[in-house]
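Colleague: My questions concern the predicted model and sequence given below.
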Amino acid sequence: PLVMGIETSCDETGVGIVRGTELLADAIASSVEEQARFGGIVPEVASRAHLEAMVPTVQRALDDAGVRLADLDGIAVTAGPGLAGALMVGVGAAKAYSIATGIPLYGVNHLSAHIAVDTLENGPIPQPAIGLLVSGGHSTIMMVEDLAGKVSQLGASIDDAAGEAFDKVARLLGLPFPGGPYIDKAAQEGDRTYVDFPRGLSNAKDQEKHRYDFSFSGLKTAVARWIENQQAEGNNIPVNDVAAAFQEAVCDVLTKKALLAAKEHGVETLLLGGGVAANSRLRAMATERAAQAGINLRYPRPKLCTDNGAMVAALGSHLVAAGASPSELHFPANSSMDVTIVSLANDLA
Ligand code: ATP
Ligand code: MG
Ligand code: FE
C-alpha cells in the first residue's frame, strides 16, 4: 500500500510516504532551533510552527515521492502520545486531507510507530519481538506480539525517560539542547570508567519488584552531586569523561533489562527504537550483548530513530496491509495515549 504519515507530537513536523516497506519520502521541518533558545520545548511555539510547516511539508513529501495525494491508499497520523496542541495540528490536517480526498485515515500511536519504522530498514518484523523504546518521553520495554494490534508493556521508567536524562545531564555539562547527540559526541573522547555512576533499579531487591523497569532520576542527581563536589574543590569538569561515564550507566541498564526480557519471554528478536536508539554506545553495546545472548538485534539508521513522518507512514502501511479498520473521523488527539493502543479503530470508546 501507498501510505502517507503525518507526525506532529513534539517539535518535528514530519511527513513520510512509503510503499509497502519501501521509503519514498521523509520530509521534515523542525522548530528545534527556535526551541533551543528556551533550552526546552515550548508547546505553544511547537504548535504554531507545525501550523506553518504542515502544508508545505506535505507538498514536499509528495514531490519527493513523485506521487499525488489521490494515489494514496491511506493516511496515517500520530494521534498520541505527545503535546496536545502539537498533536491537534497534525490530526486536524490529516482529517482535512482525508475528508477532501476520501482516503481512509488511521490515527496511530507514536510509540508503535517508533518500532514500525524498523521495517523500512530491515523488512518485516519477526513476531513476537521485544521493543526497547527509548526517547525523550519514554523508556519502555514492549512486547510486540502483533504490530497491527497486540502490543503490551513489560516495563517502563518510573521517573525520567532516558532521553530526558541525556538532556538534563547535557545541561549540567553546559552542552546545547537537545543534549543526547552532544553527549554521544563528547563521550567518544571520554573515559567510560572515569566515574562509576549508579545503575537504577538493578540491585536484587529492586529487581524483584521492578524487573523490567528503569529509573534515571537518581543517576541524574548523582551526576549533579559529582559535578558540584568537583566545583567546590575548584576542579575543572572533564566533560567528555562525565558524558562517557553517564552514557555507560544508561546503556548498561537499558541493554541488560531489554535482553533479560527477551530471554525470559523466549523471544528471539530485540528491536531498538526512539531518539535514544540513535546513540552510538547503545547500539554498540546492544550489538555485543545481543550476540552473546543469541538474540537477533535490529535498529534503524539514526535519522529514523528520532521523530519523523516515515515512521508513522510505516505503521500505517503495516495496518493497511493487515486489513486493520480505519479510524472514525471524530477521534481525538490523546496526549497520554496508552502504549497498548496501536491505532484507533472505528470502535473507539
Ligand atoms: P517520545 O517519542 O517519547 O514522545 P520524543 O518524540 O520527544 O519523545 P524522540 O524524538 O523520539 O523523542 O527522541 C528525542 C530524544 O532522543 C531527546 O531526548 C534526544 O536528546 C535523544 N537523542 C537523540 N539522539 C541521541 C543520541 N545520539 N544519543 C542519546 N540521545 C539521543
Ligand atoms: Mg524532536
Ligand atoms: Fe518520539
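Modeller: Structure received. Everything quoted here is computed from the prediction, not taken from an experiment. Ligands and ions are numbered 1, 2, ... in the order given.
Colleague: Quick check: closest non-adjacent residue to the most centrally placed residue in the chain.
Modeller: In the chain, the centroid-proximal residue (Cα atoms, centre = their mean) is residue 274; its distance is 2.3 Å. Spatially, and ignoring its direct neighbours in sequence, residue 274 is nearest to residue 135 (3.2 Å; Cβ to Cβ, 6 or more residues apart in numbering). (Each C-beta comes from the backbone N, C-alpha and C, glycine too.)
Colleague: dump the residue contacts of that neighbour.
Modeller: Counting by Cβ atoms under 8 Å, 6 or more residues apart in numbering, residue 135 touches 114, 161, 162, 163, 273, 274, 275, 276.
Colleague: Mind checking if the helix or strand containing residue 89 is in reach of ligand 1?
Modeller: Assessed by DSSP states H and E, residue 89 sits inside helix 84-101. No - between helix 84-101 and ligand 1, judged by Cβ under 6 Å from any ligand atom, nothing touches; the nearest distance is 10.1 Å.
Colleague: Run the chain-centre distance for that helix.
Modeller: 21 Å (Cα atoms, centre = their mean, to the nearest Å).
Colleague: got it, and stretch 296-315?
Modeller: With Cα atoms, centre = their mean, you get 8 Å for stretch 296-315.
Colleague: Quick one: mean pLDDT for stretch 199-213?
Modeller: When pLDDT is averaged along stretch 199-213, the result is 94.
Colleague: Kindly report the same for stretch 161-171.
Modeller: So the average pLDDT for stretch 161-171 ends up being 98.
Colleague: one step back: any idea of the pLDDT on the residue nearest to residue 274?
Modeller: 97.
Colleague: Can you mark which positions in the helix holding residue 89 are buried?
Modeller: 84-95, 97-98 (16 or more other Cβ atoms under 10 Å).
Colleague: hmm, the least confident helix or strand in the chain by mean pLDDT in reach of ligand 1?
Modeller: Lowest on mean pLDDT, DSSP states H and E among the helices and strands of the chain sits helix 32-36, with a mean of 80. No - between helix 32-36 and ligand 1, judged by Cβ under 6 Å from any ligand atom, nothing touches; the nearest distance is 9.8 Å.
Colleague: Could you pull up the contacting residues of residue 25?
Modeller: 15, 16, 17, 60, 61, 62, 63, 64, 65, 310.
Colleague: I'd like to know which of the residues you listed is nearest to residue 31.
Modeller: residue 15 (15.0 Å; Cβ to Cβ).
Colleague: Contacts only, for that closest one.
Modeller: Residue 15 neighbours (Cβ under 8 Å, 6+ apart): 4, 5, 6, 7, 25, 27, 28, 57, 58, 60, 61, 309.
Colleague: One more: residue 163?
Modeller: 134, 135, 136, 137, 139, 178, 180, 274, 275, 276.
Colleague: and of those residues, the nearest to residue 257?
Modeller: residue 139 (9.6 Å).
Colleague: How many residues are close by the closest one?
Modeller: 29 (other Cβ atoms under 10 Å).
Colleague: And it, how close does it get to residue 92?
Modeller: 30 Å (Cβ to Cβ, to the nearest Å).
Colleague: Residues of the protein that sit close to ligand 1?
Modeller: Checking the chain against ligand 1 by Cβ under 6 Å from any ligand atom, the hits are 9-10, 82, 110, 114, 135-138, 163, 166-167, 178-181, 184, 274-276, 278-279, 306-307.
Colleague: filter those residues down to the ones near ligand 2?
Modeller: 10, 307 (Cβ under 5 Å from the ion).
Colleague: In helices, which of the residues of the chain next to ligand 1 fall?
Modeller: Taking DSSP state H, the ones among the residues of the chain next to ligand 1 that sit in helices are 110, 114, 163, 166, 167, 180, 181, 184.
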